[in-house]
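Peer 1: Quick one, fold the following:
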Amino acid sequence: MGELTSAISVLSAMITPSVLILACGSLILTTSNRLTRVIDRVRELATEVEMLAADPDNEEKFVQEKRTMLFELLDKAISRARLLQKAMTRLYVALSTFLATSVALGIVAVTNSAFAPVALVLGFIGAGLMFAASVLLILESQIGLASTYTEMDFLWRRGQHHAPPELQQLKKGFWRLFGTTR
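Peer 2: Residues are numbered from 1 along each chain as shown. Model prediction:
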């Protein structure tokens, strides 16, 4: 009975970091998806830049305004991709650290050694890496939101330029609910 209790305590100790491993894996998956979307967006922007440059019929003011907007979006997309890559690196290292924590806990439980602080330090390192990755993901989402605002503002200005006179007086989207413009 004592051996069964010992085995159960070893397995329990090794499984404890599994919640963090699962959370880290989930963040890796969602970050990977976000990175894929950013890369796709960069490719779309590149296509738009090429089409804009090839179309001689565009009015010069529109072309310059759109070119400026596209390069702003491209700059933001590049920044986002770099932040996402850094976050992914930290998440993969955190995942590895949590796995090492689990193994270290198992070794400590089996050998009754005095190396328990090693498992604790590994756990703290993994949690710190997850925190750092989360901060990077927050920064990336702010850049993503700024990109969306840049594109919406451009489309609003172009829409106002081509809208019928009765619609040209509308204020920008959400802000018109409060009677102000941004």
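
Peer 1: give the contact list for the closest residue to residue 93 other than its chain neighbours.
Peer 2: Nearest residue to residue 93, sequence neighbours excluded (CB to CB, 6 or more residues apart in numbering): residue 129, at 5.5 Å. The way it works is simple: take the backbone N, C-alpha and C, and place the C-beta from them, glycine included. Applying CB atoms under 8 Å, 6 or more residues apart in numbering to residue 129 gives the contacts 90, 91, 93, 94, 97.

Peer 1: Residue 129 sits in which helix or strand?
Peer 2: Assigned by DSSP states H and E, residue 129 belongs to helix 116-162.

Peer 1: dump the residue contacts of residue 94.
Peer 2: So residue 94 contacts 20, 24, 125, 126, 127, 129, 130, 133 (CB under 8 Å, 6+ apart).

Peer 1: Turn those residues into JSON lines, including pLDDT.
Peer 2: Below are these laid out as JSON lines (pLDDT from 0 to 100):
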{"residue": "20", "pLDDT": "76"}
{"residue": "24", "pLDDT": "82"}
{"residue": "125", "pLDDT": "94"}
{"residue": "126", "pLDDT": "92"}
{"residue": "127", "pLDDT": "89"}
{"residue": "129", "pLDDT": "95"}
{"residue": "130", "pLDDT": "91"}
{"residue": "133", "pLDDT": "94"}
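
Peer 1: Could you measure from residue 82 over to residue 137?
Peer 2: For residue 82, the distance to residue 137 equals 13 Å [CB to CB, to the nearest Å].

Peer 1: any idea of the mean pLDDT for stretch 36-48?
Peer 2: Mean pLDDT, stretch 36-48: 79.

Peer 1: Now do the longest helix along the chain against helix 116-162, angle only.
Peer 2: Longest helix in the chain, counting residues (DSSP state H): helix 60-111. On the basis of axes from the mean of the first three to the mean of the last three CA atoms, to 10 degrees, helix 60-111 is oriented at 160 degrees to helix 116-162.

Peer 1: In contact with the residue nearest the centre of the chain, which residues?
Peer 2: A centroid search over the chain (CA atoms, centre = their mean) returns residue 137, at 4.1 Å, as the residue closest to the centre. Applying CB under 8 Å, 6+ apart to residue 137 gives the contacts 27, 31, 34, 83, 84, 87.

Peer 1: Done for today, thanks.
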